[in-house]
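Asker: Predicted structure and sequence below. I'll ask about it afterward.
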Amino acid sequence: MFERRLKLLLIVLAVPTVSVILRLVQLQVVRATAYQTGARQMLIKPVRFFPCLRGNITDRRGRPLAHDTESWNICVHYGILAKDKDYLHALAGGPSREQVAPERQRQLERKIEASWHAIADLTDTPLERLMQVRDRTVRDVQRIREIVSRRRGIDTTVLEERMVHPVVKGLSRDGQVEARLRLADYPWVEVVASHTRRYAGGEAVGPFLGLLREVDPDDLDNDPNGDDELARYRPGERRGLGGVEALAEQWLRGRRGREQKDIEGRLISPPVKHRNGKDFRLTIDLPLQQTLYEQLAAAVRRYPLSTGGCAVVLDVPSRHVLAMVSYPSFDPNVPWTGRQLLARDQLGQPTKFRAVGEGRCYPPGSLVKPMILAAALTDGKLSPTETITCQGRLLPDVPDKWRCSATWGHGTVDPVYSIQHSCNVFYYVVGERIGVPGLARWMSRFGFGRLTGTGLPEERRGNLPTRGGVGDARNMSIGQWRLEATPMQVVNMMATIASGVYRPVTIWADDARPRPATRLPVRDEYWRIVRRGLYQVVNEPGGTAFGRATLTNVGDYVLSGKTGSAEPPPQESLYTCHFSGGRFEVIRAPNRRELLARYPADRKPEITHQEPAAEYPTHAWFTGYLTSRQHDEAPAAGSGLSVAIAVVIEYAGHGGEVAGPVARDMIYSILNRNYRGKAEMTAGAMR
């Protein structure tokens with residue numbers, strides 16, 4: 001009996017002993033690593049990062065166009081954003097759920113909820129918006145973890161899971177002081193120094209400079225610095241969207257600093273100093289850019305049917321872009337919501353970068369005639385002394401087709417006269433002789449159908465047909481049919497004619513990349529004929545821009561050029577669309593079906609009016625180059641100050657009457673700027 005009781009007693013004593021031993025094994029062996037990690041994390045402060053500044057963007061003289069200014073962000077630890085159990089348990093009192101009383105967990109949950117409301121009240125940010133930022137940040141961090149783990153071939157905890165992330169950005173100096181005071185009771189919330197992008201130049205530089213936007217999943221996937229935790233994109237960070245900001249993204253990006261300490265303030269590892277992005281100096285001149293923008297805006301506003309315009313100025317020898325303006329435009333400092341409203345304007349398209357073809361390319365019209373003449377002379381399709389008779393139409397028995405701008409014809413037309421008076425019949429004949437493939441080959445040599453070299457992400461190639469019949473060759477030779485070009489291609493074409501050399505353009509003043517010059521296979525005597533025609537367009541009676549683009553009181557300088565009145569593609573129409581709430585817009589689209597397909601079924605507009613763009617005036621073009629009188633038939637690149645210019649005013653009428661005076665006034669502005677110290681002009685000499 002005694003032995004039986006003893007055995008029962010031993011069993012009773014053995015059960016708790018075994019339980020304790022098993023628990024010790026669990027704590028010290030099975031979960032030892034987890035608890036050691038938790039203990040270490042409790043003794044280590046979160047990683048502290050030092051922000052790096054994005055590089056400045058300046059004009060050619062070093063004037064600031066884009067720079068970072070100080071601001072502050074309200075950041076929340078990822079453990080709170082992702083509701084990480086280990087982090088929450090550590091905040092509540094320990095790394096293990098069993099070590100935290102339920103009441104303490106509920107207190108922590110209420111305090112976390114209170115912190116979100118405090119941030120919302122402090123910053124006037126809707127709580128729903130904060131929750132969207134939270135959820136997006138968690139998704140982005142998980143995407144980073146997946147990318148890093150995939151690259152390393154093993155599941156990896158990334159640094160972004162142990163740091164704070166911004167939920168509200170752009171606090172002022174006073175705002176950040178108030179935020180620190182009101183959020184001091186929440187240890188998972190930090191106010192972190194950051195920066196905000198600011199732009200100078202206003203609407204004159206909008207599409208050109210571009211914008212910044214928050215990174216998206218594709219940016220995280222394709223980040224070239226994805227393996228570098230100090231240089232890679234982080235959730236909530238911004239990258240360049242369009243324009244120079246996108247072009248120079250890798251140049252402007254910096255590398256953040258890092259520091260980590262334990263709870264006693266001792267460094268755990270050597271700190272890493274931040275490295276700011278590099279400055280990016282442009283070729284444009286900011287005061288000139290602003291002056292030309294104001295002149296362009298005033299010109300467009302004079303024509304009620306015009307939807308906008310563009311102007312580009314190149315330095316002929318270097319092909320540096322001195323100015324490129326588009327109207328209407330936008331101030332890049334406008335908040336994102338304001339830019340979204342601007343983007344809805346399908347008629348004026350203020351967010352589109354017209355100079356390089358974003359949103360639309362243009363039929364160049366008669367601007368192509370000088371390079372067609374150079375091609376015909378070089379290929380032997382036309383002799384320098386040959387004449388063609390113009391009776392107002394190409395085919396006498398077809399009076400309503402293949403007409404010339406002169407109703408009764410130009411009579412006997414030689415090559416120089418054909419440029420001066422822009423005779424269509426002359427170029428119908430020349431176009432037939434060369435054919436579409438030959439025209440395309442020569443236009444490509446002058447830069448049509450290919451990128452100009454700016455590197456801007458918005459740049460388009462235009463459209464250069466390579467096949468077609470006789471009628472297509474006729475239309476192509478006067479810059480119509482399916483031929484389309486960008487203002488940048490047009491101005492570089494004129495710089496090529498002025499110098500005899502094709503060279504890619506650049507907007508980067510310190511661009512060290514090779515930009516080889518290609519001398520076109522045109523004999524000097526043929527260039528003289530072409531340039532003589534361009535001179536007479538502006539400077540002799542009968543020229544299509546005579547008296548309208550002619551320079552006066554400018555000493556030795558002379559402007560040569562070509563006008564164009566280009567018919568817009570007939571497939572473009574303007575639709576008056578009414579939306580719910582009384583809002584209406586005039587929207588450009590190829591047809592009703594494509595326009596309606598842009599909107600979901602419950603938000604389709606009611607179309608009350610349609611006007612084909614073909615019923616509107618032509619696009620008014622002028623392109624030319626400034627040179628000295630001694631070089632009006634010689635290469636302009638050797639004449640000191642030499643710039644090429646292209647101006648287009650949409651739906652405004654005749655190029656000589658509309659765009660010519662605008663280009664002339666812009667050239668006056670360039671001379672008044674005493675550009676490169678080559679022109680000693682005074683404001684009083686300008687009319």
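Answerer: Okay, I see it. Residues are numbered from 1 along each chain as shown.
Asker: Phi first, then psi, for the closest residue to residue 592 other than its chain neighbours.
Answerer: Of all residues not flanking residue 592 in the chain, residue 607 sits nearest, at 6.3 Å (CB to CB, 6 or more residues apart in numbering). For glycine as for every other residue, the C-beta is placed from the backbone atoms N, C-alpha and C. Phi and psi for residue 607, reported as degrees, to the nearest 10, are phi -90, psi 120.
Asker: Hmm, residue 648 and residue 309 touching each other?
Answerer: Yes: with contact defined as CB atoms under 8 Å, residue 309 counts as touching residue 648 (5.9 Å).
Asker: In terms of neighbours, single out the busier of the two.
Answerer: For residue 309 versus residue 648, neighbours defined as other CB atoms under 10 Å are more numerous around residue 648 (31 against 28).
Asker: Which per-residue confidence value corresponds to the more buried one?
Answerer: With respect to pLDDT, residue 648 has a value of 97.
Asker: Go ahead and confirm it touches residue 618.
Answerer: No: using CB under 8 Å, residue 648 makes no contact with residue 618, being 10.6 Å away.
Asker: ranges for the helices of the stretch 301-450 of the chain?
Answerer: 336-343, 369-378, 415-420, 424-445 (DSSP state H, counting those that start in this stretch).
Asker: End to end on stretch 272-291, go ahead and measure it.
Answerer: Start and end residues of stretch 272-291 are separated by 45 Å (CA to CA, to the nearest Å).
Asker: tell me which residues of it are tucked away?
Answerer: The neighbour-count check on stretch 272-291 (16 or more other CB atoms under 10 Å) flags 274-286, 288-291 as buried.
Asker: biggest strand in this structure by residues?
Answerer: strand 64-77 (DSSP state E).
Asker: For that strand, which residues meet the burial criterion?
Answerer: Of the residues in strand 64-77, those buried (16+ other CB under 10 Å) are 65-68, 71-77.
Asker: Check those against residue 627 and report the nearest one.
Answerer: The shortest approach to residue 627 among the buried residues of strand 64-77 belongs to residue 65, at 29.6 Å (CB to CB).
Asker: show me what contacts that closest one?
Answerer: 56-59, 199-201, 205, 209, 282, 286 (CB atoms under 8 Å, 6 or more residues apart in numbering).
Asker: What of residue 402?
Answerer: Taking CB under 8 Å, 6+ apart, one finds 393-395, 424-425, 428, 474 in contact with residue 402.
Asker: Make a markdown table from those residues and add pLDDT and neighbour count to it.
Answerer: Converted to a markdown table, the contacts of residue 402 look like this (pLDDT from 0 to 100; neighbours: other CB atoms under 10 Å):
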| residue | pLDDT | neighbour count |
| --- | --- | --- |
| 393 | 92 | 19 |
| 394 | 92 | 18 |
| 395 | 90 | 12 |
| 424 | 96 | 27 |
| 425 | 96 | 26 |
| 428 | 96 | 24 |
| 474 | 96 | 24 |
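Asker: For residue 112, state which of those residues is nearest.
Answerer: residue 474 (74.7 Å).
Asker: which stretch of helix or strand covers that closest one?
Answerer: Using DSSP states H and E, residue 474 sits within helix 470-477.
Asker: re the thing from before, let's see which of the buried residues of stretch 272-291 end up in strands.
Answerer: Per DSSP E, the buried residues of stretch 272-291 map to strands at 280-281.
Asker: Can you report how many residues lie near residue 218?
Answerer: Count around residue 218 with other CB under 10 Å applied: 9.
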